[in-house]
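**Student:** what's the 3D shape of this:
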Amino acid sequence: MTRSDGEQEALHSLSDVMDRAAGVARREHVTVDNILDAFGHASFVPLLLVPALLVVTPLSGIPAFSSFCGILIFLISVQWLAGREHLWLPQWIMRRKISGDRLRDALEKIRPWTSRLDRHTRKRFGFLFHRPFRFIPPLACTLFGALMPLLELVPFSSSLLGAAVMLLSFSMLTRDGLYALIALLPVGAVVWAISAVFL
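**Tutor:** Sure, this is the predicted structure:
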């Protein structure tokens with residue numbers, strides 16, 4: 001029986017997210033709708049983590065898979081920024097499916113390093129989760145998600161952007177701002193380079 005949004009157990013680590021995703025992957029085929037039911041339509045941060053994690057697995061080699069995950073990340077981030085209480089996705093996205101076996105294999109390949117991240121997290125740089133800074137991580141996720149379909153043909157770009165979204169989401173889940181700062185370093189470098197050229 002699927003739990004309602006109000007009955008979803010709280011997720012506090014990447015391992016929690018991985019375990020729940022692995023539970024969904026026991027099906028023969030897994031749809032986006034199945035994932036939303038498992039995590040809850042109000043669980044914006046864990047729902048951001050799932051496509052971000054998948055983009056850094058071998059699944060990113062599937063044609064258009066990275067673009068699809070980018071669109072999903074964009075839609076989740078935009079609705080979170082807009083203050084929606086529940087996520088809405090169009091039916092053509094909800095119906096998209098992947099083999100359960102393939103999903104399980106991909107998750108198992110990244111489980112060792114997600115467990116290492118969990119072991120090294122603690123509450124740091126808490127100012128990032130208060131106004132006005134708390135809008136920066138979801139805004140960055142929106143930008144990275146929008147860029148992923150545009151960079152589909154650039155080698156490794158989608159995986160790098162997916163890793164950035166994963167770190168940002170992870171930081172929001174655990175309240176460890178260090179990972180958000182690491183993910184945002186490339187953005188800061190680009191802004192600095194543009195400023196140096198044009199200003």
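
**Student:** where does this structure have low pLDDT?
**Tutor:** For the chain, applying pLDDT under 70 flags the ranges 1-9, 186-199.

**Student:** What ranges does it have for its strands?
**Tutor:** For the chain, the strands defined by DSSP state E cover 29-31, 97-99.

**Student:** These into JSON lines, with extra columns for mean neighbour count and distance to S171?
**Tutor:** Heads up, the C-betas are built off the backbone N, CA and C, glycines and all. Output for the strands of the chain, formatted as JSON lines (neighbours: other Cβ atoms under 10 Å; distance: least, Cβ to Cβ, whole Å):
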{"stretch": "strand 29-31", "mean neighbour count": "17", "distance to S171": "26"}
{"stretch": "strand 97-99", "mean neighbour count": "16", "distance to S171": "27"}
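
**Student:** Surely A140 is in contact with A183?
**Tutor:** Yes. Counting by Cβ atoms under 8 Å, A183 is a contact partner of A140 at 7.1 Å.

**Student:** Now the common contact residues for those two.
**Tutor:** 164, 168 (Cβ atoms under 8 Å, 6 or more residues apart in numbering).

**Student:** So the two - more neighbours on which side?
**Tutor:** Taking neighbours as other Cβ atoms under 10 Å, A140 and A183 compare with A183 leading, 23 against 19.

**Student:** For the more buried one, give its distance to E152.
**Tutor:** 21 Å (Cβ to Cβ, to the nearest Å).

**Student:** picking that back up, of the strands of the chain, which approaches L54 most closely?
**Tutor:** strand 97-99 (8.6 Å; Cβ to Cβ).

**Student:** which ones are touching I98?
**Tutor:** I98 neighbours (Cβ under 8 Å, 6+ apart): 29-30, 59.

**Student:** Could you save the residues you listed as CSV and add columns showing distance to S66?
**Tutor:** Below are the contacts of I98 laid out as CSV (distance: Cβ to Cβ, whole Å):
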residue, distance to S66
H29, 20
V30, 18
L59, 9
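
**Student:** Can you tell me which of these is nearest V17?
**Tutor:** Nearest member of the contacts of I98 to V17, counting by Cβ to Cβ, is V30, at 14.7 Å.

**Student:** quick one, what contacts that closest one?
**Tutor:** 24, 97-100, 103.

**Student:** Quick check: the farthest pair among those?
**Tutor:** V24 and S99 (12.4 Å).

**Student:** Pull the number of nearby residues for the closest residue in space to Q79 that isn't next to it in sequence.
**Tutor:** Ranked by Cβ to Cβ, 6 or more residues apart in numbering and with sequence neighbours excluded, the top spatial neighbour of Q79 is L87, at 5.7 Å. Here the number of neighbours of L87 (other Cβ under 10 Å) works out to 18.

**Student:** Pop out the phi and psi values for L87.
**Tutor:** Dihedral angles of L87 (phi, psi; degrees, to the nearest 10) stand at phi -80, psi 140.
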